[in-house]
Structure formats: C-alpha cells, structure tokens
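*Asks:* return a 3D structure for these sequence lines:
(chains A and B)
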Amino acid sequence: MTSGTLLEVRGATMRFGGVTAVDTVDLTLREVELRCLIGPNGAGKSTFFKMLTGQLVPSSGTIQFRGKDITGSNPHEIARLGVGIKTQVPNVFNGLSVRENVFIGAARRKSIKHARQIVSETLSRLQLDSIADRIVGQLAHGQRQWVEIATVLAQEPDLILLDEPAAGMNHAEVLRTAELIREINRTQALVVVEHDMQFIRMIASTVTVFNQGRVLMEDDVGHVLADQRVRDVYLGKQAA
Amino acid sequence: MKIDPRWAGFLVMVALGLLLMFGLPQVLDLFGLVQMTVFVAMAMFALSQGFLWGYGGIMSFGQAAFFGLGGYAYAIAVINLGDSTLPVVIAVAVPVVFAALLGYFMFYGRISDAYIGVITLTVSVILFELVNSTSGDAYHIGAAQLGGFNGIPGVPPLNMPGDSSSPLDPGQMWYAAVGSLIMVYIVLRAILASRFGRVVVAIRENETRAMLIGYDPRFYKLLTFMIAAGVAGLAGCLFTNWGGFISPTVFSLTMSAQVIIFVLVGGLGTLLGPMIGAVGIEYLITIAGSQHLVDANLGLGIVLVAFVLLVPQGVVPLIRDKVLPFAKLVPRQSKPIPTGAEVPR
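*Replies:* Model prediction:
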C-alpha cells in the first residue's frame, strides 16, 4: 500500500484577481506519507490547503485523490473520501463541549455506539478526558487546537492536513504534538504546514518549500534546512 | 438510580404539560379555556420559530407564511372533504412541501443568512397580497371560497378521527391542542437528541467545520427548515380551528414579528422559552386589550425593548443559568452559545 499514490496535484493555480496565490504547483503524496510544507508568510500554503479541501476551486490545474478527480468538488464530498483538515485558525464548534465536538467528527455514517467508542478512544489518546465536558469556546488556544485535531482524527481520514498544529503551544505541548504526528503517521498520511524548524526536525520527513505560490524545492529535511535559498526566502531575500 | 439532568428536565416538562392539560379545565371556565387554546396554537408557532432560529441558526423573518399556509390548507381541505382527519395531514404537508421548494433554492443556491431573512419576509408578504386579492366568486378551490381580505368563515372544526359527524366541542378542542403541543415538543426533543439534531446544532456553531468533516450543511438546513414549516403549519391549523375562521392577516408582518418576539422574550436556544414567551405575551396583550389602558401594540413594544435591554438572553435561560443556581436548586453549568451568529475565535 505504501507505494501507491494518495494525492496527485498537477499545475494547481489559484488566482484572486491579479494576485496569483498558488502558481502551477505539482505535488505527489504516497499512501501513509508524512510531508512537511514550509514557506514564508503569504507563500500560498493555506490557500493550497483550501484548494485540496474544496474550500477554494482552483483557477486551473487538477487534484486527484486515489485516482479520483476532486478538482472543484464540494468540501463535504472531499471530506467523505477521507481527507481531514485542521485549519490555521481553529475551526471548532465553540458552543459545544469537547466530547460533542469529537462526537460530531466521529458520527458520520457510523452507529452511535461505534461513534461513542471512537470518541472515548480519541479523547484518551489526546489526553482530553479531563476537559471532555468543558465548552470549547472557553478553552485556551492550545487546548482548542487539540480539540480540533481530535475532531479530525475521529473522522478517521486517510489524509490529514495540519495547518500550523504547533502554533501557540508551549514546549511540552509541541513535543507531544510531534510525538502524536509520528504516531498518526503509522497508519495515515499527513501534510503538515509549520514554521517551527525545530518542530520540522522532530517529525523529520520530506519537506516541500513554498515561496510566492510556487514550489521552491522538495527534498528531505536535512537538505532543505541546509539550503541557502530556503534561508534566504525565510529572511525575506528573494531566491534567484 | 441517577437520571441524566437533561432527561430529568424533559420528563418534568412533559409531566407539567400533562398537568396543565388535565388541570386547567378544572380551574378555568369555558371562556378562559377557549382563550388558552389560542395561546397554545401560538405557543406551537413559537416552537417552530424557536427550533429553526435557536437550534438551526436560520433566521426566518416570514415564518407566518407557513403558519398561514397550514391554516388555509386546513380550511380549504376540510370544507371540501368534510372529515377533518386528512385535512390536518394536509395542513402539515402543504407548508412542508412549500418549504422544501423555497428552501432548496435558498440553501442549495448558497444564499447568505441575511438574504434568507429577506427572502422569507418577502415570501410572506407575497402570500399576504396574493390571498388578499382573491375576493369574489371566481376565486375558489373546490367548494371553498377564498374570500380575499374577508377570509374564510365557518371553517368546520376538528372531528373525532374518521368520524365527521362528531365534531370536537371547545372543551375537547383544548385537549386536542395541548395534546398536539406536547407531542410536537417530544418530537422536537427527540430530533435534537438524535444524530441529525446534533449535527444541525454543530452546523449552527460552525458550518465550515461541519463541512470539512463531511456533512452537507445545505441538506441539514433544508430539512430543519421543512420540519419548522410543518410545525408552523400544524399551529396554523389549530389557530383556524380555534376561531373557525381564517383571513390573510395570518400572513401579515405582525404575525412574523410577533413570533420572533415570543422567542426573544422566552429565550433563544431553548424549546420551553418560545412557548412561555408566546403564552406570556399573548396573555399580556389580552389583558391590555380588555383594559383599554394602553394600546396593545405599544405595550408589546415596551415589553420587547425592556427585554432586549434588561434580559437579552430571555426568561428561560435567565432562570436556568442565574436564578436556579443562585437558589442552589441545580448546579451552575456553562451553556452553549445559543445563536448562529459568528462567535469570536
């Protein structure tokens, strides 16, 4: 299974008026692969995620998930195929309890009993038991991130997109997140957007670098982080 | 045995409903009971708005459209058929089908929330104007003369199911009305406790997240809209029964505005609140109307302003979250944010 292609993006382009946020991006992801996506602010990473999940329809290019063309499909249709996303700004059900959030994630097309089982497993896996009955809107930012990750995991998707999962977390939480990502990666493919280079090193994998909407380079983590061009774009210099 | 507090609340509510159903006829004279019957119809109408707005997060400014459609559907059907059994079903079915059509274009057309308010409002005004202009013998459906702004008088009341020769007297009508209100309450509670209802509330909280999990918000909103329309239709049917009469005023803006006030005063995001709001305000209007001290509409306006300023969350949440915990009757608990409005992230 690991050799099969899970996601195949060809020439994906997203234009907003005169601005090209994502410019002819090609990206191939294998089953159960872990990929990091880095790049300076405005490089088009979040826009790219929105195209993958159907929140934005690409101006041109195609996106295939397991050989099925999902370009321009509705977000719920893409989600049903097995794509889950934790967005950059936490997208949670603020007025509901942690448990209810995760339940909604688990409950689609499953028996209530099975969903409840997934909820209790997910809650203990992410150590959310102690706050299971709290209202999510009242939790700290870091905790809300965890709730969102739990909701996505409860969906049991085959591809998980994480947009800055470690943002706003303290050191211990970052370590736990890295550990969790490695654990998830045993069975599921992930694409992780992150700025924290230490964090990238912790989950070490293939890294794709975005800059100004294009793929600057794609290589394993050691090479990417040693690359002068990558350093330059992060420091605000533009690569040649 | 420990009972889940939510279940306990539900059981208490049903018990209270039954108590009122059988108790009030003992303490009220027939006139009082008949008056209470119309309050029950309005309470059911409020339940429709409260379900749609408080749980679905869908703001309809023209819920009277479905109330009126239910009332007219019943009147027209019962005049033609004689026996009221099928007309009651029709009174629910017509608004549901109408809501399915209207809702399909609104939700699947991705109309934004504000425009849903505008469209529902406009639809109720169109229906008002339409029915208002059906004066004259030419406008009839079967044996039922539509009567334009004069409405349809002499609508036969409900009868025992399947037996048109035994119509319900006003006393029996009370039992039918409260009985249906309790049933509707139970059905809505069951819907909200089901997976469907939980997803509806989740979509109110964050439509994007629900979509990214794989739920189609359009489908859930459409179904919620149809359920609310059916409840409003049944309320309209009870209302028509109460007076044996229906006129285009059921489609009026006053009707749609009133039911929004019922929900606001009683408490958005609850089922009990809208019912209490409806009965309380209707009662106040009746008193004001018979006292001739203040104009009823002025009084209603004052009540609304007072509530928006002093008790913006409504009566039921106030009692549940402030009074009862203060009196140590129930533990203080955090409550979901009740509106569909965008919450700060």
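
*Asks:* strands of the chain, start to end?
*Replies:* Defaulting to chain A. A:5-16, A:19-30, A:34-38, A:60-65, A:68-69, A:83-86, A:159-163, A:189-193, A:206-211, A:214-220 (DSSP state E).

*Asks:* hm, I was asking about chain B
*Replies:* B:140-141, B:144-145.

*Asks:* tabulate those strands (JSON lines), appending mean neighbour count.
*Replies:* C-betas here are computed from N, CA, C, even on glycine. Below are the strands of chain B laid out as JSON lines (neighbours: other Cβ atoms under 10 Å in any protein chain shown):
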{"stretch": "strand B:140-141", "mean neighbour count": "15"}
{"stretch": "strand B:144-145", "mean neighbour count": "18"}
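
*Asks:* could you save these as a markdown table and add columns showing distance to chain A?
*Replies:* Output for those, formatted as a markdown table (distance: least, Cβ to the nearest Cβ, whole Å):
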| stretch | distance to chain A |
| --- | --- |
| strand B:140-141 | 41 |
| strand B:144-145 | 44 |
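
*Asks:* residue B:104 against residue B:225, yeah?
*Replies:* No: taking contacts as Cβ atoms under 8 Å, residue B:104 lies outside contact range of residue B:225: 9.4 Å.

*Asks:* neighbour-wise, which of the two wins?
*Replies:* Set side by side, residue B:104 and residue B:225 show more neighbours around residue B:225, with 25 against 14, by other Cβ atoms under 10 Å in any protein chain shown.

*Asks:* does that one touch residue B:53 like I think?
*Replies:* No: between residue B:225 and residue B:53 there is no contact under Cβ under 8 Å: 11.0 Å.

*Asks:* any shared contact partners between these two?
*Replies:* Common contacts of residue B:225 and residue B:53 (Cβ atoms under 8 Å, 6 or more residues apart in numbering or on different chains): residue B:60.

*Asks:* separation between the spatially most central residue of chain B and chain A?
*Replies:* With distances taken as Cα atoms, centre = their mean, residue B:45 lies nearest the centre of chain B, 1.8 Å away. Separation of residue B:45 from chain A (Cβ to the nearest Cβ, to the nearest Å): 26 Å.

*Asks:* same thing with residue B:136?
*Replies:* 49 Å.

*Asks:* residue B:213 touches residue A:104, doesn't it?
*Replies:* Yes: contact criterion Cβ under 8 Å: residue B:213 and residue A:104 qualify, at 6.5 Å.

*Asks:* shared neighbours, those two?
*Replies:* Common neighbours of residue B:213 and residue A:104 (Cβ under 8 Å, 6+ apart) are residue A:151.

*Asks:* ok so, going back, nearest to residue B:24, out of the strands of chain B?
*Replies:* Closest to residue B:24 of the strands of chain B, according to Cβ to Cβ: strand B:144-145, at 33.0 Å.

*Asks:* direction included, what does the closest one pair up with?
*Replies:* Under the criterion DSSP bridges, strand B:144-145 sits next to strand B:140-141 (antiparallel) in its sheet.

*Asks:* and the strands of chain B: which comes nearest residue B:283?
*Replies:* The nearest among the strands of chain B, by Cβ to Cβ, is strand B:144-145 at 32.7 Å.

*Asks:* give me the pLDDT for the residue in the stretch 51-200 of chain B that chain A sits nearest to.
*Replies:* For the stretch 51-200 of chain B, the residue closest to chain A is residue B:195, as judged by Cβ to the nearest Cβ, at 5.3 Å. Note on residue B:195: pLDDT of 94.

*Asks:* residues near it, how many?
*Replies:* 15.

*Asks:* what sits against residue 166?
*Replies:* In the absence of a named chain, this looks at chain A. Neighbours of residue A:166 in contact, by Cβ under 8 Å, 6+ apart: A:173, A:174, A:177, A:178, A:194, A:196, A:199.

*Asks:* correction: the question concerned chain B.
*Replies:* So residue B:166 contacts B:159, B:160 (Cβ under 8 Å, 6+ apart).

*Asks:* do residue B:82 as well
*Replies:* Contacts of residue B:82 (Cβ under 8 Å, 6+ apart): B:156, B:164.

*Asks:* how close does it get to residue B:163?
*Replies:* 11 Å (Cβ to Cβ, to the nearest Å).

*Asks:* what's the answer for residue B:229, then?
*Replies:* Counting by Cβ to Cβ - residue B:229 and residue B:163 are separated by 29 Å.

*Asks:* cool, residue A:216 as well?
*Replies:* 81 Å.

*Asks:* likewise for residue A:222?
*Replies:* Taken as Cβ to Cβ, the span from residue A:222 to residue B:163 is 86 Å.

*Asks:* contacts only, for residue A:168.
*Replies:* A:141, A:142, A:145.

*Asks:* mind checking which of those are buried?
*Replies:* A:142, A:145 (16 or more other Cβ atoms under 10 Å in any protein chain shown).
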